[in-house]
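A.B. asks: any chance you could fold what I've pasted below:
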Amino acid sequence: MTKPPPWGANPKAGYPDRDRIYQVDNIKLNRKCLRHYFAREVHTQSYSLFPSPSDHFCARQPMQQFLLENTSAYRQWRARKLRNYPAQTEQLIVDIQNPCRLTQEEKGSLLRLCEKTNLAIYRIRYGDVLDKSIVAAIAKQLGLTHMDANFHADRDRISSIQVLPEGPGSSYIPYTNKLLNWHTDGYYNQDAQRIRAFLMHCVRPAESGGENTYLDPEILYILLRDHDPGHIEALMDPEAMTIPPNPENSERPNLETTGPVFVIDGPTQTLYTRYTARTRNIHWKDSQACARARSALQEILDDNPYRFHHRLQSGEGVICNNVLHNRTMFIDKPRSRRLLYRARFYERVARPDLANDMRHTDDVVAE
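C.D. replies: Predicted structure coming up:
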């Protein structure tokens, strides 16, 4: 698939319907209500965990690009997003000397990459890369402190991702050497436990295989919207994707999760994405629009020039705003199994001064 054409190449790009219903934190709002909703501070259960001064700003400018009829805001945001977008995985790698004490340059590079691509890869040059405390240390310096305690995590809420021959978790794909299909982390979580970022640290790679492919959700949004804005409308439907209860999960044995693929996340003023390519134990909305959108989404995941491929080595890790990712199957060494530490967070990686950088101008507001 080639890169998207310049803005305006798609005659279907304009959506003048002012009565469209938008999905914001699973609240259905029309366009007028949406403005009032984001003209005040937004508070939810999960947001109250990590309030900061930079979080309390009007979302008028950041959110406008996701209103389908506001082509002006979308056009400007799209141009900024694609301008100087990295073309090679090597451009995402940041060498760090001491993971427990990042230099200003190292921290700045990681934050800027996550702001641009929602993804950064670090590489520890010296020291003990086996120390599990590295995960929390790096995350804390990037503003990530509230971890999600999924039912396979260790007591410190950090999961040890490795092949489990037997016992609890051995039937879950992440804990096998099988191919792991496209997904975002925590797509089955309730709204109050949205996974907005995760860090994956490699202690030992496999003997062969185990490569990851990553895709920025905002790029996926652009590619889908440029192809047909109707795909975005279908995937923002609050009943688009349902994950049924999981009896094996003690935390949610009878809990069903229904929601959109794309949703405007009020607390962080950003686009939040929940998705899985799995075909079992999932229910998609039975509509032609949803089926077409899913097909287009899968085509983009399978072939587009914005994907990043990387096989983590010992001492390397990925820090991201819960980007879409997959994993190839792998073969372990006989006496040294592949081991990665994973931590999931309720916050996003974001520059502390991001709010000050937002330009709240009126020229992008559709009237």
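A.B. asks: show me where this protein has helices.
C.D. replies: Along the chain, counting by DSSP state H, helices occupy 31-37, 60-64, 71-82, 104-117, 133-141, 217-227, 229-235, 288-302, 354-357.
A.B. asks: so, low pLDDT: which residues of the stretch 251-367 of the chain?
C.D. replies: Across the stretch 251-367 of the chain, residues meeting the criterion (pLDDT under 70) sit at 251-254, 351-367.
A.B. asks: 80 - rerun?
C.D. replies: Applying pLDDT under 80 to the stretch 251-367 of the chain flags the ranges 251-254, 350-367.
A.B. asks: where do the strands sit along it?
C.D. replies: With DSSP state E, counting those that start in this stretch, the ranges of strands along the stretch 251-367 of the chain come out as 257-259, 262-265, 270-273, 283-284, 308-310, 316-320, 324-327, 330-331, 339-345.
A.B. asks: any chance of the helices of the chain in a markdown table, with mean neighbour count and distance to A343 too?
C.D. replies: For every residue, glycine as well, the C-beta is placed using N, CA and C. Output for the helices of the chain, formatted as a markdown table (neighbours: other CB atoms under 10 Å; distance: least, CB to CB, whole Å):
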| stretch | mean neighbour count | distance to A343 |
| --- | --- | --- |
| helix 31-37 | 15 | 31 |
| helix 60-64 | 21 | 26 |
| helix 71-82 | 18 | 27 |
| helix 104-117 | 17 | 15 |
| helix 133-141 | 19 | 5 |
| helix 217-227 | 22 | 19 |
| helix 229-235 | 22 | 28 |
| helix 288-302 | 16 | 25 |
| helix 354-357 | 13 | 22 |
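A.B. asks: which one of these lies nearest to E256?
C.D. replies: helix 288-302 (17.8 Å; CB to CB).
A.B. asks: helices or strands next to that closest one in the packing?
C.D. replies: Counting by 3 or more CB pairs under 8 Å, 6 or more residues apart in numbering; DSSP states H and E, the packing neighbours recorded for helix 288-302 are helix 217-227, helix 229-235, strand 283-284.
A.B. asks: quick one: mean pLDDT over the longest one.
C.D. replies: In this case it means helix 217-227. The predicted model assigns helix 217-227 a mean pLDDT of 98.
A.B. asks: ok now that helix, how far from the chain's centre?
C.D. replies: Relative to its chain's centre, helix 217-227 lies at 14 Å (CA atoms, centre = their mean, to the nearest Å).
A.B. asks: likewise for stretch 75-90?
C.D. replies: Mean C-alpha position of stretch 75-90 versus that of the full chain (CA atoms, centre = their mean) differs by 17 Å.
A.B. asks: which residue packs closest to G315, ignoring adjacent ones?
C.D. replies: Excluding the flanking residues, the one nearest G315 by CB to CB, 6 or more residues apart in numbering is V129, at 3.6 Å.
A.B. asks: please apply the same query to L92.
C.D. replies: The shortest distance from L92 to any residue other than its chain neighbours is 4.9 Å, reached at I121 (CB to CB, 6+ apart).
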